[in-house]
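Trainee: for reference, the sequence and a predicted model appear below.
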Amino acid sequence: MLVKTYGSAVYGIHATTITIEVNVFPGVRFSLVGLPDNAVKESQQRIDSALREVGYKIPGKKIIINMAPADIRKEGSAYDLPLAIGILTATEQISCDKLEKFVIMGELSLDGSLVPIKGVLPMAIQAREEGFEGLILPKANAREAAVVNKLKIYGADNISEVIGFLKGDAEIKPTEVDTRAEFYAHLNKFPHDFADVKGQENVKRALEIAAAGGHNIIMIGPPGAGKTMLAKRIPGILPPLSLQEALETTKIHSVAGTLEKDSSLITQRPFRSPHHTISDVALVGGGTYPQPGEISLSHNGVLFLDELPEFKRTVLEVMRQPLEDRSITISRAKFTVDYPASTMLISSMNPCPCGYYNHPEKDCLCAPGMVQKYLSKISGPLLDRIDIHIEVVPVTFDKISDTQLSEKSEEIRARVEHARQIQEERFKEEEGMHCNAQMSSKLLRKYCQPDEAGNALLKTAMEKVGLSARAYDRILKVSRTIADLAGSENIESDHLAEAIQYRSLDRDGWGG
């Protein structure tokens, strides 16, 4: 008897429906074809144990299973449940006439319970697009899939519940999530606030500009100056995620398996802070079976690289293309996977190995030339892609001991949101563009034309500091954001002057 069940395979952040065809003949052989990997091939043992635990078995017959399309590689243990249901139906141990209505996915434990799987959200989106009535999966993944409306999500704890539901002997209540209510309930909850930061007004200003325009920023300063403390508060001043951005971000984390158990929608911008020992594959994504890296997991959020010169050179250099294109393409011999990587890079570093170069009170202990050698660990092309360079100096005792609270993140965020609204209106006809940092050269010429005095100022800065063409573009983008924060339609000389100040690492002789 030939039976078809339906599963799903995830490639990148998109899913493809897999048709599992089970046919039974007289004989004693179990064959699984259609490019399954080792985890799928091993499913026979898990299915056999799980079925015996709930009163069924794989009969001693010739069973041929084809996973179509046969030219796409099937990976992982999430096919256990659809394979088991297909075997039971094809061998007439259960009778079900509604298998074509459901996509079924889940890993089986040896006792028949269902183990959580990865990539559920893209699977649910694809199932809805292809007109399936529902998705049957482990209960721990049900809320994540239920974010997708117009699709019934049935979460089960074990295979016996699924069998009873398909036979019509038992009922599984569909999991429902009010996506908009879930989205707005946790939208503005942040653990860190700029009100806790004493002093550092110039750095806060630079971070506000970075948040308003989506610009990359690097902070240079001695240990204990507050670089990490400031970076952790950046998500609190960024505009809240839109519902579309939240869904896109959740899809990436669903594929990577980083969503918490029983979670549904990511409602806050991601903040990822990998250790400096990270490999280049872990940062940008990849592997034998490609997975998203940290730069994709921080999509629509913040990627914070603390102690930037301590990262391996190869790790930093692989970031150059994703920072420019805001996406990462991972190519293998037989397929190519694209992951979004529109992230805001926040980095910090000490000015030298001992950390006290340019310190107002402590002397630098580094040998001559060590400061420049330390800074040269970060290549010029990478620094060019960082829009804002800001020096962080230690806070004085008077400011640390001051009991008066600083400006709250909420107040800064209001200004940032206003500037972003101006940019949304400006780029409303440009697909996928939301902020000034994403502007192309063509849009720069259209929206970032300085006046005659501004042009003279830029010419002087480029000749004196020796800026590259990319640094010139970055200055124009930052000055456009400063003008937006000021509510100015045109870029004025003072906006350009402030933007030029935020290129401290481009200065000839900086660091000795």
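Mentor: Cool, got the structure. What you are looking at is a predicted structure, and each value in this text was computed from that prediction instead of being measured.

Trainee: okay, and the beta partners of the nearest residue to Ile234 once chain neighbours are set aside?
Mentor: Excluding the flanking residues, the one nearest Ile234 by CB to CB, 6 or more residues apart in numbering is Val302, at 5.5 Å. Placement of C-beta: from N, CA and C, glycine included. Beta-bridge partners for Val302, by DSSP bridges, are Phe271, Met344.

Trainee: now do the same contact list for Val302.
Mentor: Ala231, Ile234, Pro235, Leu238, Arg269, Pro270, Phe271, Arg272, Thr343, Met344, Ile346 (CB atoms under 8 Å, 6 or more residues apart in numbering).

Trainee: burial of the last one, as a residue count?
Mentor: Residue crowding around Ile346 was assessed by other CB atoms under 10 Å; the count is 30.

Trainee: on the three-state scheme, it is what?
Mentor: Secondary structure, DSSP: H, G, I helix; E, B strand; the rest coil: Ile346 is strand.

Trainee: measure it to His215 for me?
Mentor: Look at Ile346 and His215: by CB to CB, to the nearest Å, they are 10 Å apart.

Trainee: got it, and the fifth one?
Mentor: When distance is defined by CB to CB, Arg269 is 15 Å away from His215.

Trainee: for the fourth one, same thing?
Mentor: The gap separating Leu238 from His215 is 12 Å, by CB to CB.

Trainee: tell me, what's touching those two both at once?
Mentor: Common contacts of Leu238 and His215 (CB under 8 Å, 6+ apart): Met344.

Trainee: my guess is Ser342 meets Asn300, correct?
Mentor: Yes. The pair Ser342 and Asn300 passes the contact test of CB atoms under 8 Å, sitting 6.4 Å apart.

Trainee: buried ones in the strand or helix carrying Gln372, by neighbour count?
Mentor: Using DSSP states H and E, Gln372 falls within helix 370-375. Buried residues in helix 370-375, counted by 16 or more other CB atoms under 10 Å: Met370, Val371, Tyr374, Leu375.

Trainee: quick check: the second one touching Cys354?
Mentor: Meaning Val371. No. With contact defined as CB under 8 Å, Val371 does not reach Cys354; the gap is 9.4 Å.

Trainee: okay, and the common contacts of the two?
Mentor: Cys364.

Trainee: endpoints of stretch 330-346, how far apart?
Mentor: With CA to CA, to the nearest Å as the measure, stretch 330-346 spans 24 Å from end to end.

Trainee: list the buried residues for it?
Mentor: Ile330, Val337, Asp338, Tyr339, Pro340, Ala341, Ser342, Thr343, Met344, Leu345, Ile346.

Trainee: how close does the last one sit to Lys227?
Mentor: What it means is Ile346. For Ile346, the distance to Lys227 - CB to CB - is 9 Å.

Trainee: show me the common contact partners of those two, please.
Mentor: When contacts are counted by CB under 8 Å, 6+ apart, Ile346 and Lys227 are jointly contacted by Met219.

Trainee: walk me through the domains of the protein.
Mentor: Following automatic domain parsing, one finds the domains of the chain at 3-177, 194-506.

Trainee: would TSV of these with mean pLDDT be doable?
Mentor: Listed next are these as TSV, based on pLDDT from 0 to 100:
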stretch	mean pLDDT
domain 3-177	93
domain 194-506	88
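
Trainee: Tyr184 is nearest to which of the ones you listed?
Mentor: Tyr184 lies closest, by CB to CB, to one member of these: domain 194-506, at 7.9 Å.

Trainee: centre of the chain to the closest one, how far?
Mentor: Distance of domain 194-506 from its chain centroid, counting by CA atoms, centre = their mean, to the nearest Å, is 15 Å.

Trainee: sorry, back to before: who wins for neighbours among the contacts of Val302?
Mentor: Using other CB under 10 Å as the neighbour test, the contacts of Val302 are led by Ile346, with 30 neighbours.

Trainee: how about the contacts made by it?
Mentor: Residues counted as contacts of Ile346 (CB under 8 Å, 6+ apart) are Ala210, Asn216, Ile217, Ile218, Met219, Ala231, Ile234, Val302, Leu303, Phe304, Leu305.

Trainee: return the subset of these lying in strands.
Mentor: Mapping the contacts of Ile346 onto strands (DSSP state E) picks out Ile217, Ile218, Met219, Val302, Leu303, Phe304, Leu305.

Trainee: of all these, which comes closest to Ala70?
Mentor: The nearest one, if we look at those relative to Ala70 and count by CB to CB, is Leu303, at 38.8 Å.

Trainee: these two touch, right, the closest one and Leu345?
Mentor: Yes. With contact defined as CB under 8 Å, Leu303 reaches Leu345; the gap is 5.4 Å.

Trainee: quick check: neighbours shared by those two?
Mentor: Joint contacts of Leu303 and Leu345 (CB under 8 Å, 6+ apart) do not exist.

Trainee: and what about the nearest residue to Ile85 once chain neighbours are set aside, helix, strand or coil?
Mentor: Nearest non-adjacent residue to Ile85, counting by CB to CB, 6+ apart: Thr5, 5.5 Å away. Counting by three-state DSSP, the backbone at Thr5 sits in strand.

Trainee: state the distance from Thr5 to Val103.
Mentor: Per CB to CB, Thr5 is found 9 Å from Val103.

Trainee: what of Lys477?
Mentor: Lys477 is 44 Å from Val103, by CB to CB.

Trainee: again, but for Asp37
Mentor: Asp37 sits 20 Å away from Val103, going by CB to CB.

Trainee: neighbour count for these two, which is higher?
Mentor: Applying other CB under 10 Å to Asp37 and Val103 shows that Val103 carries more neighbours, namely 26 against 14.

Trainee: now stretch 86-96: buried residues?
Mentor: Judged by neighbour count (16+ other CB under 10 Å), stretch 86-96 contains these buried residues: Gly86, Ile87, Leu88, Thr89, Ala90, Thr91, Ile94, Cys96.

Trainee: what's the answer for stretch 308-318, then?
Mentor: By neighbour count on 16+ other CB under 10 Å, the buried set for stretch 308-318 is Leu308, Pro309, Phe311, Val315, Leu316, Val318.

Trainee: can you tell me the SS state at the fifth one?
Mentor: Leu316 falls in the helix class when you classify it by three-state DSSP.

Trainee: and Leu365, what does it touch?
Mentor: By CB under 8 Å, 6+ apart, the contact list for Leu365 reads Cys354, Tyr356.

Trainee: wasn't it part of a strand?
Mentor: No. Going by three-state DSSP, the assignment for Leu365 is coil, not a strand.

Trainee: Val371 versus that one, what's the distance?
Mentor: As for Leu365, its distance to Val371 is 11 Å (criterion: CB to CB).

Trainee: equivalent analysis for Asp451, please.
Mentor: Distance of Asp451 to Val371, computed by CB to CB: 38 Å.

Trainee: which other helices and strands contact the top strand by length along the chain?
Mentor: The longest strand of the chain (DSSP E) is strand 14-25. The elements that strand 14-25 packs onto, with contact taken as 3 or more CB pairs under 8 Å, 6 or more residues apart in numbering; DSSP states H and E, are strand 3-11, strand 62-68, helix 80-90, helix 120-129.

Trainee: where exactly do the helices run in the stretch 301-450 of the chain?
Mentor: 313-317, 320-325, 370-375, 380-384, 397-400, 409-426, 441-447 (DSSP state H, counting those that start in this stretch).

Trainee: out of the ones you listed, nearest to Gly285?
Mentor: Checking those against Gly285 by CB to CB gives helix 320-325 as the closest, at 9.1 Å.

Trainee: please identify the buried residues of the closest one?
Mentor: Pro322, Leu323.

Trainee: contact partners of it?
Mentor: Residues outside helix 320-325 that contact it (CB under 8 Å, 6+ apart) are Asn216, Val284, Ile295, Ile328, Ala341, Leu345, Pro381, Leu382, Arg385.

Trainee: mind listing what the spatially most central residue of the chain touches?
Mentor: Centroid-nearest residue in the chain: Leu297, 2.4 Å away (criterion: CA atoms, centre = their mean). Leu297 is in contact with Ile252, His253, Ala256, Thr258, Pro270, Arg272, counting by CB under 8 Å, 6+ apart.
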